[in-house]
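[1] Mind folding the following:
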Amino acid sequence: MVKFTNKIISTMIELIERINMRKPKVGFLSVTCPTHREAKNEIGDNWISTSNMEKIKSELTGSDLDLVVIDKVVAYFYELDEVEKRFNDENVEVIFIYISTWNWADQVTQFIRNVRKPVILYAIDDSKAWSIGGLGATHGGLDEIGIKTRVAYGDISDKDVIDKIVSCSKASMVRNILRKSRYGSIGGQGMGILTGIVDANQWLKDFGILTGFTDQYTVVVEAEKFPVSEVKNYYEKLKNEYRSIPEFSKVFENSIRTYLALEKIIKEERYNFTGVKCTFDLSNNYCSACLAQSRLSNRGFVSACLNDSNGALSTYILSLLKKKEEPVFTADVNLANKKDNLIKLIDDGAASPKLTLNPKEDVELLMQPTLEAKASGICTKLFAKPGDVTLIRLARIDSKYVLHLTEGEAISVDSAKKESIMAECGYPIWPHALVRIKGNIDRFVDNLRSEYIHMTYGNLSSEIKDFCGLFDIELIEN
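    Numbers count the residues shown, from 1 in each chain. So this is what the prediction gives:
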């Protein structure tokens, strides 16, 4: 049984790592018009520059994009049939169209309309190419029939140009992953939060996400199947990962069992992300899910507290866009400090140890308070490391999705100050982050539509904006 469970966990970790390492798959297509493909200009140069073409492909490949290249420069509409088949067979997530000279905009527009994938139109700033006219004509043709595209123009080595292309490609990758994803709704509505109830039909319609439903009692039933020896083995493993952990007890045992059970359920149900109601069913009668969700988060798997579906989806999006090893953090907005433009984020006990620079020195496991978890549990104490962060939250206004985006900087303080800050809320044993946000704090509060906000490290604002564009989601910034 021990080997079976360890295999489940290692398999799940491998799948998560594969997603985190995945590159956006980009279909590379160059287009021209029939008279230009073999033509030379008046000074004797080939109208289509081979060196430009190779430079573009090299820059894209070097920017962590997985290219599916159509080697032939396409000039005739009937040649696009094979391109469409190749891109569909290879399941490309976005099509990059290099407009090498002039092109017949109507033919390219028909192709884009039929292939139904996000498209980036690109033209180089080369006078001999005459390509900006083809870019404008194709962009205008697509607008005529209501198809949005991303436009990039200039030297492909220019950081702003390549960043725009990579950002759109990553957002398109997320779009493609979502349409094949399955959410695990474990338990019902948590603590009366209307914004957390999953609308399975809208998710299927808007994002392509399937929703599966699992009763919390299943977690308890599965948890009790694991032998004590396996639970104790996992306890010994945890000893080596934290500064300190409580003595082994029935509470700790149930907390580990809950984690092992969730791993088993996730694998068997093929859930890509989940929410767990926990409070008060599990938390009062078995144990809180905090340790389980902390351990899931530690390996990059999203599991939302209170079965908060919109929070789970927000965090899942961040987990697909984030830098490889950076954690994601879901937390309550505990305080907004207008004077210093700071927000204090605190979760009720769950957080990835990777939120700190050195988990072995900076993270403790402690006994969960029993106010809202009468059966207690194991919670995580930490103070998040410094660095630039991106915070988001999906919400609905009159049943239509909006996305609240905030940029900021997580700040750190000395050890004594940390303890003082963590004591202010009355629960110094829970995970904290202190973030100085960009923009107006009053506007930030006006835009809050949940107690939760969702954070990861790095500036992902461009990718988030492109994601919103792909799904026609209104973006709300501070």
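
[2] So for stretch 154-163, what gets flagged as buried?
    Buried residues in stretch 154-163, counted by 16 or more other Cβ atoms under 10 Å: 156, 161, 162. Placement of C-beta: from N, CA and C, glycine included.

[3] Could I get the CA-only coordinates of the helix or strand where the second one lies as CSV?
    When you say that, I think you mean residue 161. Here residue 161, judged by DSSP states H and E, is contained in helix 159-178. C-alpha atoms of helix 159-178 as CSV (Å, rounded to 0.1, in the frame of the first residue of the first chain):
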residue,chain,number,x,y,z
LYS,A,159,12.1,43.2,-26.3
ASP,A,160,8.7,44.9,-26.5
VAL,A,161,7.9,43.1,-29.7
ILE,A,162,9.0,39.6,-28.6
ASP,A,163,7.4,40.1,-25.2
LYS,A,164,4.1,40.8,-26.8
ILE,A,165,4.4,37.7,-28.9
VAL,A,166,5.4,35.5,-26.0
SER,A,167,2.6,36.9,-23.8
CYS,A,168,-0.1,36.2,-26.3
SER,A,169,1.3,32.7,-26.9
LYS,A,170,1.3,31.9,-23.2
ALA,A,171,-2.3,33.2,-22.8
SER,A,172,-3.3,31.0,-25.8
MET,A,173,-1.6,28.0,-24.1
VAL,A,174,-3.7,28.6,-21.0
ARG,A,175,-6.9,28.8,-23.1
ASN,A,176,-6.0,25.5,-24.7
ILE,A,177,-5.3,23.8,-21.3
LEU,A,178,-8.6,25.1,-19.8
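
[4] how much space between the residue lying closest to residue 478 once chain neighbours are set aside and residue 475?
    The shortest distance from residue 478 to any non-neighbouring residue, by Cβ to Cβ, 6 or more residues apart in numbering, is to residue 439 (2.8 Å). As judged by Cβ to Cβ, to the nearest Å, residue 439 and residue 475 stand 13 Å apart.

[5] for residue 347, same thing?
    According to Cβ to Cβ, residue 347 and residue 475 sit 25 Å apart.

[6] Over to residue 415?
    Per Cβ to Cβ, residue 415 is found 38 Å from residue 475.

[7] hmm, back to that, tell me the SS of the residue nearest to residue 478?
    Of the three states, residue 439 takes coil according to DSSP: H, G, I helix; E, B strand; the rest coil.

[8] neighbours of it, just the number please.
    As a burial measure, residue 439 scores 15 neighbours (other Cβ atoms under 10 Å).

[9] Just the strands from the stretch 201-350 of the chain, written as ranges.
    Assigned by DSSP state E, counting those that start in this stretch, the strands in the stretch 201-350 of the chain fall at 210-214, 273-276, 303-305, 328-337, 342-346.

[10] ok, then the element right after the worst-scoring helix or strand of the chain on mean pLDDT?
    Among the helical and strand segments of the chain, the one scoring lowest on mean pLDDT, DSSP states H and E is helix 2-21, with a mean of 54. Where DSSP H and E defines the elements, the next helix or strand beyond helix 2-21 is strand 25-31.

[11] Output the contacting helices and strands for the helix or strand just after that following strand.
    Next helix or strand after strand 25-31 toward the C-terminus (DSSP H and E): helix 50-61. Applying 3 or more Cβ pairs under 8 Å, 6 or more residues apart in numbering; DSSP states H and E, one finds that helix 50-61 contacts strand 25-31, strand 66-69, strand 94-99, helix 159-178.

[12] The closest residue to residue 148 other than its chain neighbours - how many residues pack around it?
    Sequence neighbours aside, residue 469 is the residue nearest to residue 148 in space, at 6.5 Å (criterion: Cβ to Cβ, 6+ apart). Applying other Cβ under 10 Å, we find 16 residues neighbouring residue 469.

[13] give me the element residue 469 is part of.
    With DSSP H and E as the test, residue 469 turns up in helix 461-471.

[14] who does that helix touch, helix- and strand-wise?
    Contacts defined by 3+ Cβ pairs under 8 Å, 6+ apart place helix 461-471 against helix 159-178, helix 309-321, strand 387-397, strand 400-410, strand 474-477.

[15] same thing but at 10 Å, please
    strand 150-153, helix 159-178, helix 309-321, strand 387-397, strand 400-410, strand 474-477 (3 or more Cβ pairs under 10 Å, 6 or more residues apart in numbering; DSSP states H and E).

[16] Lovely, talk soon.
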